[in-house]
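> Structure for the following, please:
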Amino acid sequence: MYAFPDWRAAPAENVPAALADWLCETGSLTERLIASGRLFAVEVLAQGVEPAWPDEAAALGLAAGAPALAREVRLTLDGVPFVYARSLCRADSPAWAGVLARGSRSLGLTLFGEPGIARHPLNFCAGLAAQSALLARARAALPGAGDWLHARRSLFGQPDDALLVHEVFHPLLAEVTPS
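Predicted structure coming up:
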């Protein structure tokens with residue numbers, strides 16, 4: 001059985017500095033990936049209603065296991081996956097259902113391109129993929145990522161109708177720099 005991540009206000013102490021730079025990016029991750037000069041793409045892995053995990057439900061103010069609309073994607077550069085993202089909101093969200101139903105278009109361009117969308121502080125976790133449902137899904141989506149992964153998440157929008165965005169980073173993202 002998987003545990004659920006212990007989210008913290010700061011990245012783990014063992015995160016390499018170059019990867020910490022990506023983890024702590026407060027602007028649009030999409031824009032930063034595009035700035036690498038490589039071909040950026042979003043691959044949709046799954047989308048639909050599913051029970052929110054306990055930590056997700058708590059972050060969204062839902063009962064554990066409540067239905068949530070979830071979207072899982074991986075962000076690629078030149079066809080190589082570097083980021084696994086899981087975004088979710090209440091299943092009946094009037095604000096976010098349409099945003100999540102965007103196919104292979106990036107959420108980042110909407111979240112950082114629309115005025116009035118508030119981003120709450122980043123939270124971080126790190127751990128073994130075998131011990132966390134989120135990290136296990138990320139490891140499956142990020143070939144060669146290894147067993148120890150670093151992730152972040154944040155809420156967007158209003159506390160009573162928020163979008164929760166998780167991003168798990170392939171360790172090799174540390175070698176990618178904007179051009």
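> This structure: strands as residue ranges?
Counting by DSSP state E, the chain has strands at residues 40-51, 67-77, 80-90, 123-128, 148-158, 161-169.
> To residue 111, which of those lies closest?
strand 148-158 (5.5 Å; C-beta to C-beta). C-beta here means a position set from N, CA and C on the backbone, and glycine is covered the same way.
> C-alpha coordinates for that closest one, PDB please?
Included here for strand 148-158 are C-alpha records, laid out as PDB according to Å, rounded to 0.1, in the frame of the first residue of the first chain:
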ATOM      1  CA  TRP A 148      14.100   8.900  -5.800                       C
ATOM      2  CA  LEU A 149      12.000  11.700  -7.200                       C
ATOM      3  CA  HIS A 150      11.400  15.400  -6.300                       C
ATOM      4  CA  ALA A 151       8.000  17.000  -6.700                       C
ATOM      5  CA  ARG A 152       6.100  20.200  -6.000                       C
ATOM      6  CA  ARG A 153       2.500  21.200  -5.900                       C
ATOM      7  CA  SER A 154       0.400  24.300  -5.500                       C
ATOM      8  CA  LEU A 155      -3.200  25.500  -5.500                       C
ATOM      9  CA  PHE A 156      -4.600  27.900  -8.000                       C
ATOM     10  CA  GLY A 157      -7.800  29.900  -7.600                       C
ATOM     11  CA  GLN A 158     -10.100  30.400  -4.700                       C
END
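> Any buried residues in that strand, and which?
By neighbour count with 16 or more other C-beta atoms under 10 Å, strand 148-158 contains the buried residues 149, 150, 151, 152, 153, 154, 155, 156, 157.
> pLDDT at the last one, what is it?
Per-residue pLDDT puts residue 157 at 91.
> Would you agree it is in contact with residue 116?
No. With the criterion set as C-beta atoms under 8 Å, residue 157 and residue 116 do not qualify as a contacting pair; they are 9.4 Å apart.
> of all the buried residues of strand 148-158, which comes closest to residue 25?
Minimum distance to residue 25 across the buried residues of strand 148-158 is 8.9 Å, recorded for residue 152 (C-beta to C-beta).
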